[in-house]
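**Q** A predicted structure for the sequence below; I have some questions about it.
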Amino acid sequence: MSEGTDAAAQAIEAASETAGNWAKAGRHAGIAGAAIGVVAAGAAAGVAIERMTVGRGMRRRARLALDSAGPYGTLRGTPGTAYAEDGTELTYEVDEAGDAPAAKPGRGAKGKGAAGKDGAAGRGPGTAAAAQTAAQAALRKRLGAALRRRSPAPTVVFSHGYCLSQDSWHFQRAALRGAVRTVHWDQRSHGRSARGRSQADGSEPVTIDLLGRDLKAVLDAAVPEGPIVLVGHSMGGMTVMALADQFPEFVAERVVAVALIGTSAGKLSEVAFGLPSLGVKAFHRLAPGLLKVLGAQSDMVERGRRATADLFAGIVKRYSFGTPQDVDPGVARFAERLIEATPIDVVAEFFPAFATHDKAASLVAYDTVPALVLAGEQDLITPADHSEAIAELLPAAELVRVSGAGHLVMLERPELVTEQLVSLVERAAAAPRRSRSARA
């Protein structure tokens, strides 16, 4: 009883300290600081409840156990390097068709199967694994049948989002591996790619247009010929739009389908992020400067991240998943690892690019190819109505709104996302071939 009381007291003290820190920040950042404080305090309250029953040492051991036991992010392909216009090394990996059988992908939503559907609950792990293997085999059979109708077969290229890496596509990569040629790459300053040279020397800020040109460099190196299916999540979807904006002839000639998942074509400065209405405008105005200050003190901030791991985990869950209580703990920890691997100065470098992102007009380049526009209905970062706006501009798009899912929908509802991607490839294979002029 005394141990639980001590834990609760420590939790309350930590929550109070968090609120106090944001109160100090509020004196400098005004309403924005107070608005962010609401999020931090809410997460701290959740941490406080957890600490009442679970000791710090146990929580740390649990994180280490999840890190060592989880298969997430372990898939590797044939490595390659593309070079951006400023010389930045961009790392990509290729999984060739027929190279390897699908790996065991793990689960997304706990007790519901990876797609969040009932069925795995109440069954032994052997039964669930067998069902998962059978489902993957059925998807691979469908892909094989579809690709036999189209020669040459397309390469599916995956672009990841902000503060993530190519490993965020783990479930989809596991399911599609060997069935179709895929390319996964890391955006500059993310994952295994090098730090952006033009950002390191201060000669050029990060822009979505720059990321579009990075994608073009990867495509030139990894897919020099043949049809392409582009898949982008969040910032990766914006990157796909920037490619079309700057290289419309390339898109017309090579791209046969596109998937835009949890992303936006613009107006991100209007997103509330779950903050109080009075603080939203102030947040958007002041957050870039605040992040820049934090980025200049990256060593101190990174130490703070480690010291407040529980609070960080609470915030990640709130903004990553629509129903975090249903997400497998290993998947939730995997999401934390992906995000915490992004240095705070990189977070600060990229954040301003979203305020000026506006690529609605560029979507015309994709308006005659099969398209998938998919969003979690509980997404706080790129709300589902942004996906609806994209779908309205793409006549050949299928709009899928995933009930109960958040921003990292490909981790929270992986089987559903994979199923939709397979359907997209099937549609691309069945679509009549179009000339450049027909799509221009």
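**A** Right, received. Where do you want to start?

**Q** got any ranges where the stretch 51-200 of the chain has weak pLDDT?
**A** Scanning the stretch 51-200 of the chain for pLDDT under 70 picks out 51-70, 100-126, 128.

**Q** And the strands in it?
**A** In the stretch 51-200 of the chain, the segments counted as strands under DSSP state E, counting those that start in this stretch are 78-83, 89-95, 155-159, 181-185.

**Q** Let me know which of those is the nearest to R427.
**A** Proximity to R427 (CB to CB) singles out strand 155-159 among these, at 13.1 Å. Quick note: C-beta positions are derived from backbone N, CA and C, even for glycine.

**Q** Would you list the strands that that closest one pairs with, along with their directions?
**A** strand 181-185 (parallel), strand 228-233 (parallel) (DSSP bridges).

**Q** Turn those into CSV, columns for distance to F171 and mean neighbour count.
**A** Below are the strands paired with strand 155-159 laid out as CSV (distance: least, CB to CB, whole Å; neighbours: other CB atoms under 10 Å):
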stretch, distance to F171, mean neighbour count
strand 181-185, 12, 26
strand 228-233, 12, 27
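
**Q** so which of the ones you listed comes closest to P370?
**A** Among the strands paired with strand 155-159, if distance is taken as CB to CB, the winner is strand 228-233, at 8.8 Å.

**Q** thinking again about what came up before, possible to save the strands of the stretch 51-200 of the chain as CSV with distance to E336?
**A** Converted to CSV, the strands of the stretch 51-200 of the chain look like this (distance: least, CB to CB, whole Å):
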stretch, distance to E336
strand 78-83, 25
strand 89-95, 22
strand 155-159, 21
strand 181-185, 20
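
**Q** sorry, back to before: closest one to V218 among the strands paired with strand 155-159?
**A** Using CB to CB, the nearest of those to V218 is strand 181-185, at 4.9 Å.

**Q** Low-confidence regions, the stretch 201-350 of the chain specifically.
**A** 275-312.

**Q** all strands for it, in order.
**A** So, for the stretch 201-350 of the chain - with DSSP E, counting those that start in this stretch - the strands run 228-233, 255-261.

**Q** In a markdown table: the ones you listed, plus distance to S159.
**A** Shown next, in a markdown table, are the strands of the stretch 201-350 of the chain (distance: least, CB to CB, whole Å):
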| stretch | distance to S159 |
| --- | --- |
| strand 228-233 | 4 |
| strand 255-261 | 10 |
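
**Q** closest to A360 out of the ones you listed?
**A** Judging the strands of the stretch 201-350 of the chain by CB to CB, what sits closest to A360 is strand 255-261, at 12.0 Å.

**Q** quick one: which of the strands paired with strand 155-159 is nearest R150?
**A** strand 228-233 (11.0 Å).

**Q** Pull the residues that contact that closest one.
**A** 154-161, 164, 168-169, 219, 238-241, 243, 254-263, 410, 421, 424-425, 428 (CB atoms under 8 Å, 6 or more residues apart in numbering).

**Q** Extract the C-alpha trace of that strand and format it as CSV.
**A** Output of strand 228-233 as CSV, limited to C-alpha atoms (Å, rounded to 0.1, in the frame of the first residue of the first chain):
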residue,chain,number,x,y,z
ILE,A,228,5.6,2.9,-60.5
VAL,A,229,3.0,2.9,-57.8
LEU,A,230,3.7,5.7,-55.3
VAL,A,231,2.6,5.3,-51.7
GLY,A,232,3.1,8.2,-49.2
HIS,A,233,2.1,8.7,-45.6
